[in-house]
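# with the sequence up front, the predicted model follows.
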Amino acid sequence: MTTSLKAALKTHFGFENFRSKLQEDVVKAVVRRDRDVFVCMPTGAGKSLCYQLPAVLAEGITLVISPLIALIQDQVDHLKSLNIPACSINSKLPAGERRLILADLGSSSPKLKLLYITPEMVASPSFQPCLTDLCTRGLLSYLAVDEAHCVSQWGHDFRPDYLKLGGLRTRLPGVPCLALTATAPKKVQEDISESLKLSSPLSFVTPVFRSNLHYDVIFREMLPNPYVHLYAFVRKSLALDAGSNAQGCGIVYCRTREGCETVAYQLTKLGVLAKAYHAGLKAGDRTEVQHEWMQGKVLVIVATISFGMGVDKANVRFVAHWNLAKSLASYYQESGRAGRDGLPSSCRTYYSPKDKEQLNFLIRQEIGRRQEKRGSAKETDKAGITDFEAMVSDSPRNVASPENLAAAAAAAGAASLSCPDTSLSLHLPTSCRHATISKFFGDKTPNCAGACDYCRNPKGVRAQLEKAAALSTKTEAQSRPSGPFGFQPDLYEGGKKGYGFERHGDSSDAAGEGPREDFVPPDVDCPLREASSQRIPRLTVKKSRPTLSSMSSPPLSCGTLSLAVDLEHEVFKSSKSSNLYKAAVLKKVSEMKKTAPAPARGNGDDETEVKEEATASSSCSDELQGFTSASEIYSMKRKRVGAGQRGSSNPFVTAKELLKPSMLDSKGTESGSESNTDASSAVTSSIRARANAAAAASLSSPTKTGKAMSKKQQKLAEAAKSSRNISQYFVKKPTVEKSQEEEMEVDEEGLDAPLSHTTTADPREDSKPQEHSPEVIPVESETEEESKTDVIIIPDEVEEEALELEQLQETDKESTAEPNKPAEEAKPPLISEVSDDVKANRESPPPAKRSRPADGRRVTFNPNVQERALLPVNEPPKPVTLKEAADIVVRYLDPFYTQGKFANKELFKSFARYLSHLLAEGRSRGKGQVKAEAKALIKKLFSSVKRCESEEDWKHLKRPHSCKTTENKE
Ligand SMILES: Nc1ncnc2c1ncn2[C@@H]1O[C@H](COP(=O)(O)OP(=O)(O)OP(=O)(O)O)[C@@H](O)[C@H]1O
């Protein structure tokens with residue numbers, strides 16, 4: 001048998017030998033077909049071959065259940081490349097391919113050897129006829145369940161649909177089942193066996209220990225520059241200093257997309273090519289990044305956990321966790337992607353107590369949510385916490401001091417939920433890290449032989465823990481180490497337990513302070529850190545909860561709540577009475593309100609992220625990926641991000657992005673007004689800052705002024721000087737004849753009149769009527785805040801702006817050189833199109849303060865006039881294509897439009913409306929007319945934007961004429 005198996009191994013898979021004795025034994029057991037088989041082997045041990053080889057040798061079809069389509073795809077592709085007939089039926093399969101597969105399965109002797117399928121699909125009604133048919137014809141040779149830990153509610157990646165596999169199993173009585181996993185502690189193993197109804201299975205369980213992996217932990221917050229530290233780690237792991245001997249690649253795991261982008265950017269900036277991979281990227285970009293990484297073109301992939309499952313790359317020399325994994329089992333699996341070729345590789349965690357707090361909160365919140373949905377608590381709810389605590393079960397102080405350890409252990413003992421031995425903590429250990437992992441999975445202590453930092457340098461590890469403890473003592477003056485589940489014996493005067501699963505259990509031991517209200521235990525989802533505490537007399541959960549919500553309002557993301565929880569807890573710790581507590585909270589809330597800027601456009605992103613990452617893993621982990629770190633939120637500042645970085649400070653957005661919120665708007669689910677306001681102010685500030693910076697540069701650099709200054713630069717400097725009123729871009733040239741100027745002014749005022757009364761609403765204008773035309777939009781003085789706006793100056797963009805400005809001035813020359821025509825000309829379609837309400841408004845009396853030209857004429861700006869002037873008499877206008885029209889409008893949109901992106905939704909909408917009007921009208925229009933219309937459109941838009949001083953105003957922009965003016969407010 002051995003010889004024939006080896007021959008088949010060589011023939012079908014090209015391997016000379018089995019990877020291990022165990023692999024061989026498993027294959028032999030499966031091939032015998034007389035027992036179910038359970039396999040628990042470390043990551044990268046070659047489990048897949050354990051069912052693939054028997055599948056090839058068997059007569060029928062092997063049904064393989066796998067949790068992810070991406071994972072399935074990799075396996076199918078790999079098998080196809082070996083000429084092994086394999087395929088998958090899933091929701092993404094084109095109908096044609098599906099038909100072909102079903103036809104083959106329905107034939108008398110199907111060619112297919114392995115059919116991969118998700119647990120959801122296997123349970124779906126559409127697949128049942130096919131399954132029944134295969135069963136009745138005896139064509140199923142094996143049922144293989146990959147990643148079998150997903151079946152267990154004690155497992156770290158529980159998938160409810162895996163539970164349905166028990167039912168499937170009973171429908172396939174004679175078909176041997178093979179369950180495989182890399183991460184199954186004893187309890188999970190039992191669960192798998194039970195759920196899959198394995199009948200006295202042959203178990204092949206090998207220790208999880210992988211001697212080629214070196215584990216270590218670095219306290220991120222103690223590093224002067226964590227990115228430089230990571231960079232040095234990358235260089236060392238990839239032996240980049242060894243020149244041509246450099247080898248392999250690596251993975252950095254981050255919890256959020258933003259984290260991925262930042263780390264990738266920092267590493268690249270420091271000198272190692274790194275690319276981000278997360279669900280926020282387009283599918284094509286993701287595939288490309290993965291491809292480049294697989295080929296070794298990109299050395300480091302910085303990813304959320306959506307990356308990795310099924311990625312079988314042999315020479316991954318390191319896996320770094322920039323953020324904590326959500327559980328020890330997850331960590332083992334993620335870090336296990338290193339060293340699959342058996343060569344020494346590094347696994348490092350950059351530990352941060354903040355991370356720990358956030359995760360802790362999220363895990364508990366998730367459990368609370370589940371319990372609420374279910375209406376009851378379950379034993380298995382503890383799994384997430386136990387698994388997480390196994391990584392970070394105690395604070396450094398507790399680990400560093402035996403007394404504290406004992407206290408924490410006692411506290412843990414008192415808790416209704418049994419807590420893991422504190423020495424089991426992976427990241428805050430008192431022993432070997434491999435030992436911690438092995439113990440967690442129920443294995444014996446392995447011989448680490450220096451494959452972790454603790455075994456190499458225990459003193460160093462302890463010193464780091466102590467230093468971290470000292471640091472946190474300084475920052476949390478009064479606080480004591482938090483034991484399991486937030487239990488702080490001293491702080492809460494003995495016996496008070498913190499928020500956790502034990503919190504309902506004990507309410508008896510009041511600390512002997514004044515009269516108390518009847519203690520009502522906090523409910524399951526109470527986010528208060530020490531919800532059960534009665535340390536502050538008369539401060540009950542009922543009273544403190546609203547204060548927390550006021551701190552976390554508006555709810556930006558779970559990070560905000562987490563931050564609010566921290567702040568509330570801080571106040572709680574430092575207050576002695578209920579009144580002082582309330583006063584302190586109110587003060588904090590008002591401080592926050594004062595300092596917090598308008599919500600940033602990106603705020604919604606986190607939620608989107610949470611949703612999108614849902615494909616990656618369990619719901620809990622999804623949420624974690626979308627989490628914005630408290631530190632990020634705390635700064636409440638716009639981020640200064642580098643040029644070219646995704647999610648940078650560039651306020652411009654694509655049309656698609658703009659459409660998204662408007663679609664939501666129409667559904668009434670979300671208001672885009674905030675982001676609009678934000679975008680408009682951002683772009684205005686951005687333009688100002690850029691122009692100012694350019695002006696400053698020209699002033700401070702003598703070489704760039706005077707003669708040496710290029711024409712372009714001069715124009716840019718001019719623009720900078722007048723940047724306070726960007727509308728001047730659209731105003732007539734100073735060289736224009738006065739009479740022409742007046743005509744234009746009158747015309748344009750007429751255009752704006754029904755829509756807005758801006759030009760004269762500003763009292764400043766009334767006071768100096770002769771100095772500027774009514775078309776000049778009032779200049780709002782630049783506030784200190786605006787001048788401080790963080791803007792990255794991108795030289796290329798400045799150049800581009802100058803170029804655009806040049807073009808604009810050229811076109812301005814054209815239009816201002818044209819004679820005006822009487823107002824009776826037909827109203828340009830643009831005007832009629834922009835708003836139907838305009839007509840109605842025209843009939844209403846103008847506002848009292850509206851200024852008029854001295855002669856009282858009321859004329860309407862008519863771009864047709866200009867168009868005619870441009871064209872030879874009697875010659876029909878040269879038709880413009882839609883593209884040409886678009887180009888013209890886009891050019892006039894400058895600086896609201898750059899690199900294919902619009903600055904705000906309103907501009908985009910108007911632009912789209914205008915173009916669709918051109919299309920609908922279906923008649924040829926001259927360039928001049930289009931230009932003039934575009935110019936008028938932009939000018940009007942700009943003036944509308946400028947007039948909006950509040951969010952309310954902005955909302956009214958949807959009906960431009962009703963936008964409130966300063967005057968109206970007065
Ligand atoms: N007998 C063998 N000889 C050489 N290489 C092998 C052998 N068996 C499997 N491999 C290779 O080992 C690598 C890991 O195999 P596989 O993906 O099956 O691991 P796994 O145990 O399923 O890991 P994970 O749990 O992380 O998915 C693959 O590249 C596979 O081709």
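It's in.
# quick one, what contacts A232?
By Cβ atoms under 8 Å, 6 or more residues apart in numbering, no residues touch A232. The way it works is simple: take the backbone N, C-alpha and C, and place the C-beta from them, glycine included.
# let me fix that: L5
24, 27-28, 31, 53.
# same thing but 7 Å
27-28 (Cβ atoms under 7 Å, 6 or more residues apart in numbering).
# any idea how far it is from the ligand?
Remark: distance between L5 and the ligand (Cβ to the nearest ligand atom, to the nearest Å) = 11 Å.
# what about that residue, which SS state?
Three-state call for L5 (DSSP: H, G, I helix; E, B strand; the rest coil): helix.
# could I get the pLDDT score of it?
pLDDT recorded at L5 is 93.
# would you put the C-alpha positions of the host helix or strand of K28 in PDB?
Per DSSP states H and E, K28 falls inside helix 21-32. What follows is helix 21-32, C-alpha atoms only, in PDB (Å, rounded to 0.1, in the frame of the first residue of the first chain):
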ATOM      1  CA  LYS A  21       4.900  10.100   9.000                       C
ATOM      2  CA  LEU A  22       1.700  11.500  10.300                       C
ATOM      3  CA  GLN A  23       0.600  12.700   6.900                       C
ATOM      4  CA  GLU A  24       1.200   9.200   5.600                       C
ATOM      5  CA  ASP A  25      -0.700   7.600   8.400                       C
ATOM      6  CA  VAL A  26      -3.700   9.800   7.900                       C
ATOM      7  CA  VAL A  27      -3.800   9.100   4.200                       C
ATOM      8  CA  LYS A  28      -3.600   5.400   4.800                       C
ATOM      9  CA  ALA A  29      -6.500   5.600   7.300                       C
ATOM     10  CA  VAL A  30      -8.600   7.600   5.000                       C
ATOM     11  CA  VAL A  31      -7.900   5.300   2.000                       C
ATOM     12  CA  ARG A  32      -9.100   2.300   4.100                       C
END
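# packing partners for it?
Using 3 or more Cβ pairs under 7 Å, 6 or more residues apart in numbering; DSSP states H and E, the elements in contact with helix 21-32 are strand 37-40, helix 48-57, strand 202-205.
# so which of these gets nearest the ligand?
helix 48-57 (3.2 Å; Cβ to the nearest ligand atom).
# quick revisit: dump the helices and strands packed on helix 21-32 into TSV; add mean pLDDT, mean neighbour count and distance to the ligand as well.
TSV is the format used below for those (pLDDT from 0 to 100; neighbours: other Cβ atoms under 10 Å; distance: least, Cβ to the nearest ligand atom, whole Å):
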stretch	mean pLDDT	mean neighbour count	distance to the ligand
strand 37-40	94	26	9
helix 48-57	96	23	3
strand 202-205	92	17	12
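# as JSON lines, those with distance to L240 would be great.
Listed next are the helices and strands packed on helix 21-32 as JSON lines, based on distance: least, Cβ to Cβ, whole Å:
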{"stretch": "strand 37-40", "distance to L240": "36"}
{"stretch": "helix 48-57", "distance to L240": "32"}
{"stretch": "strand 202-205", "distance to L240": "38"}
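# which of those sits closest to P353?
strand 37-40 (32.9 Å; Cβ to Cβ).
# identify the residues contacting the closest one?
26, 29-30, 47, 50, 178-181, 184, 189, 192-193, 198, 201-206.
# kindly report the same for stretch 162-177.
So stretch 162-177 is contacted by 33, 35-36, 65, 119, 122-123, 135, 140, 142-143, 145, 150-151, 195-198 (Cβ under 7 Å, 6+ apart).
# and the buried ones among those, selectable in PyMOL?
This is how PyMOL selects the buried members of the contacts of stretch 162-177, with burial counted by 16 or more other Cβ atoms under 10 Å:
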select buried, resi 35+36+65+119+122+123+135+140+142+143+145+150+151+195+196+198
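# mind checking pLDDT for S425?
pLDDT at S425 comes out at 58.
# wait, I meant Q295
Here the pLDDT value assigned to Q295 is 89.
# can you pull the phi/psi pair for it?
Reported as degrees, to the nearest 10, the phi and psi values for Q295 are phi -80, psi -10.
# can you check the one 5 residues further on too?
Backbone torsions for V300, taken as degrees, to the nearest 10, come to phi -130, psi 130.
# just give the closest residue to it, not the sequence neighbours.
Counting by Cβ to Cβ, 6 or more residues apart in numbering, V300 lies nearest to A274, which is 3.8 Å off, once chain neighbours are set aside.
# I'd say the one you found and A264 touch.
Yes: shown here, A274 and A264 form a contact pair, counting by Cβ atoms under 7 Å, at 4.4 Å.
# near the ligand, which residues of the stretch 101-250 of the chain?
A182 (Cβ under 6 Å from any ligand atom).
# now do the strands in the stretch 101-250 of the chain.
For the stretch 101-250 of the chain, the strands defined by DSSP state E, counting those that start in this stretch cover 114-117, 140-145, 177-181, 202-205, 213-219, 249-253.
# ok, which of the ones you listed comes nearest Y332?
strand 213-219 (9.7 Å).
# show me where pLDDT drops low in the stretch 451-600 of the chain?
Within the stretch 451-600 of the chain, the set of residues satisfying pLDDT under 70 comprises 472-527, 529-534, 540-562, 593-600.
# in it, which residue sits closest to the ligand?
Nearest to the ligand, among the residues of the stretch 451-600 of the chain, is A451, at 18.7 Å (Cβ to the nearest ligand atom).
# re earlier: now for A274 and A264: what residues contact both?
Counting by Cβ under 7 Å, 6+ apart, the residues touching both A274 and A264 are V302.
# neighbours of the residue of the stretch 401-550 of the chain found nearest the ligand, how many?
Among the residues of the stretch 401-550 of the chain, F441 lies closest to the ligand, at 13.5 Å counting by Cβ to the nearest ligand atom. Residues lying near F441 (other Cβ atoms under 10 Å) number 23.
# that one: what's it in contact with?
F441 touches 185, 208, counting by Cβ under 7 Å, 6+ apart.
# need phi/psi at it.
phi -90, psi 10.
# residues contacting the residue of the stretch 51-200 of the chain found nearest the ligand?
Of all residues in the stretch 51-200 of the chain, A182 sits closest to the ligand, at 4.0 Å by Cβ to the nearest ligand atom. Going by Cβ under 7 Å, 6+ apart, A182 touches 41-43, 333, 336.
# swap the cut-off to 8 Å and go again
A182 makes contact with 40-43, 45, 47, 208, 332-333, 336, according to Cβ under 8 Å, 6+ apart.
# from the residues you listed, pick the one nearest S578.
S578 has its nearest neighbour among the contacts of A182 in Y332, at 46.3 Å by Cβ to Cβ.
# what about the closest one, how many residues close to it?
Applying other Cβ under 10 Å, I find that Y332 has 24 neighbouring residues.
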